[in-house]
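Chemist: give me a model of this one.
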Amino acid sequence: MMCAARLPAQSAQVGIVLPAQAQLASEPPAVRSSSLVTDGATVDLLRSGFPARLRYRMERWTTAGWFDGIAAEAQWDVVVRYDALGKAFHVYRVAGGRTSLLGVFATVAEADAAFGAPFQAPISPPRRGQRGYYTLVLDIEALSLTELDELEQWLRGDLRPAVRGRKNAGTAVGRGVKTIVVRLLGGEKRRYEARSPTFRP
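Modeler: Numbers count the residues shown, from 1 in each chain. Next up, the predicted model:
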């Protein structure tokens, strides 16, 4: 099952995909998306040297009694940057204390499809019989000029060795994600939200 968020008219989509009924208590949901960085403004920023960060925050809610409550939460990031010399888009994902290079792509559409493919969220599933639902908040922002140097150091000094398995990725996550303050250049950041149907494993 997929619940799509209400989004602007540029055809961007993000949704939560629940596992089959038999796996609801053993598997987390997946997140999939499309056309999140393919709009003209974002592509112009990327090609001008401003990497984009997509920050995902998922919560698992339980429904019992009069009030709903948060039972678990998880957060992960995707960074998309354009290499002008190589004429390629690099896509990285930071999740669960690990950094992964998803690939190097010739077009922004290929980069968008790489991180938009179904990704199993790093969140714990509910106990059997525990009624609830998942929510997702996605913020898309561009790095400002003053943050580019720090991103380059992060990618060169910590992230790439971590991707290759030569260094603990936790240091990249700790120093990179926590110290890089991301803002949308020239306007408010874009925020998308989605919610799954209520279910009981």
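
Chemist: which of the residues in stretch 97-111 are buried?
Modeler: Judged by neighbour count using 16 or more other Cβ atoms under 10 Å, the buried positions of stretch 97-111 are 98, 99, 100, 102, 105, 108, 109, 111. For glycine as for every other residue, the C-beta is placed from the backbone atoms N, C-alpha and C.

Chemist: now swap in stretch 34-53 and tell me
Modeler: Applying a neighbour-count criterion of 16+ other Cβ under 10 Å, the buried positions in stretch 34-53 are 35, 36, 37, 38, 42, 43, 45, 46, 50, 51, 52, 53.

Chemist: any stretches of this structure with poor pLDDT?
Modeler: 1-10, 143-188 (pLDDT under 70).

Chemist: which ones among the buried residues of stretch 34-53 lie within helices?
Modeler: 42, 43, 45, 46 (DSSP state H).

Chemist: pretty sure the second one contacts residue 36?
Modeler: No. In this structure, residue 43 is not within contact of residue 36 by Cβ atoms under 8 Å, at 11.5 Å.

Chemist: and residue 195, bridged to which residues?
Modeler: residue 135 (DSSP bridges).

Chemist: between the buried residues of stretch 34-53, which sits nearest residue 28?
Modeler: Compare each of these with residue 28 using Cβ to Cβ and the shortest gap goes to residue 36, at 20.7 Å.

Chemist: the buried residues of stretch 97-111 into TSV, with extra columns for distance to residue 19?
Modeler: Formatted as TSV, the entries for the buried residues of stretch 97-111 read as follows, by distance: Cβ to Cβ, whole Å:
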residue	distance to residue 19
98	22
99	26
100	22
102	22
105	29
108	30
109	28
111	27
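
Chemist: what's the burial count for residue 66?
Modeler: Taking other Cβ atoms under 10 Å as the criterion, the count of residues near residue 66 is 4.

Chemist: which phi and psi does it have?
Modeler: When read as degrees, to the nearest 10, the backbone of residue 66 gives phi -80, psi -20.

Chemist: hey, where'd the helices end up in this structure?
Modeler: All helices of the chain, identified by DSSP H, fall at 40-47, 108-116, 145-153, 160-163, 169-172, 178-179.

Chemist: would you mind listing the buried residues in the lengthiest strand in the chain?
Modeler: Ranked by residue count, the top strand of the chain under DSSP state E comes out as strand 67-83. When neighbours are counted by 16+ other Cβ under 10 Å, the buried residues of strand 67-83 are found to be 71, 72, 74, 75, 76, 77, 78, 79, 80, 81, 82.

Chemist: save those as TSV, and put in distance to residue 118 too.
Modeler: Putting the buried residues of strand 67-83 into TSV (distance: Cβ to Cβ, whole Å) gives the following:
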residue	distance to residue 118
71	23
72	20
74	16
75	18
76	14
77	17
78	14
79	19
80	18
81	23
82	25
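
Chemist: nearest to residue 130, of those residues?
Modeler: If you rank those by distance to residue 130 using Cβ to Cβ, residue 71 comes first, at 7.7 Å.

Chemist: against residue 56, how distant is that closest one?
Modeler: 18 Å (Cβ to Cβ, to the nearest Å).
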